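>>> take this sequence and fold it.
(one chain, ligands or ions: 1)
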Amino acid sequence: MIKKVDHVSIAVNSLEEGLKTFENLLGIKPSHTEEVPDQGIKAAMIMVGDVEIELIEPTNPESGVAKFLEKKGEGIHHICFEVDDVDKELESLATKGVELIDKQGRKGLAGKIGFLHPRSTKGVLIELAQKI
Ligand code: ZN
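Below is the predicted model of the structure:
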């Protein structure tokens, strides 16, 4: 079951610059920043009500986020929905014909996560996350 929007993720060329922009815009400082070497990104989370804005900067030129920036430039990278059981949700979506990037949940910034392919979701990369 999908519970709520967990976060909206924005790809930026520079986390420092991105944070300046969004701190200025929202008047809120990031709750934390984190480097995720296996995804080739560093990220900063800004809590707005009960939804996070996540800024991500690639640290590896081969990462998906680096390729996204090259192709599309800065902007919304994905939307994440919180679910109660990510594996169950992925399985159920697959049976409905939704194309998955992750067939099974894996560890990510937002908990146990899985991505759906934008080909199946009107061009929007969607992440599902189960809090762990
Ligand atoms: Zn995310």
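
>>> helices or strands up against the longest helix anywhere in the chain?
Counting by DSSP state H, the longest helix found in the chain is helix 15-26. Contacts defined by 3 or more CB pairs under 8 Å, 6 or more residues apart in numbering; DSSP states H and E place helix 15-26 against strand 41-48, strand 51-58. For every residue, glycine as well, the C-beta is placed using N, CA and C.

>>> list the buried residues for that helix?
For helix 15-26, burial by neighbour count (16 or more other CB atoms under 10 Å) applies to Leu15, Gly18, Leu19, Phe22.

>>> next: stretch 73-93.
Residues of stretch 73-93 classed as buried by neighbour count (16+ other CB under 10 Å): Glu74, His77, His78, Cys80, Phe81, Glu82, Val83, Val86, Asp87, Glu89, Leu90, Leu93.

>>> any chance of CSV for the buried residues of helix 15-26, columns pLDDT?
CSV is the format used below for the buried residues of helix 15-26 (pLDDT from 0 to 100):
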residue, pLDDT
Leu15, 96
Gly18, 97
Leu19, 96
Phe22, 96
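
>>> one step back: out of the helices and strands packed on helix 15-26, indicate the one that is most buried.
Most buried of the helices and strands packed on helix 15-26 by mean neighbour count (mean count of other CB atoms under 10 Å) is strand 51-58; its value is a mean of 22.

>>> that one pairs with which strands?
Next to strand 51-58 in the sheet, as set by DSSP bridges, lie strand 2-11 (parallel), strand 41-48 (antiparallel).
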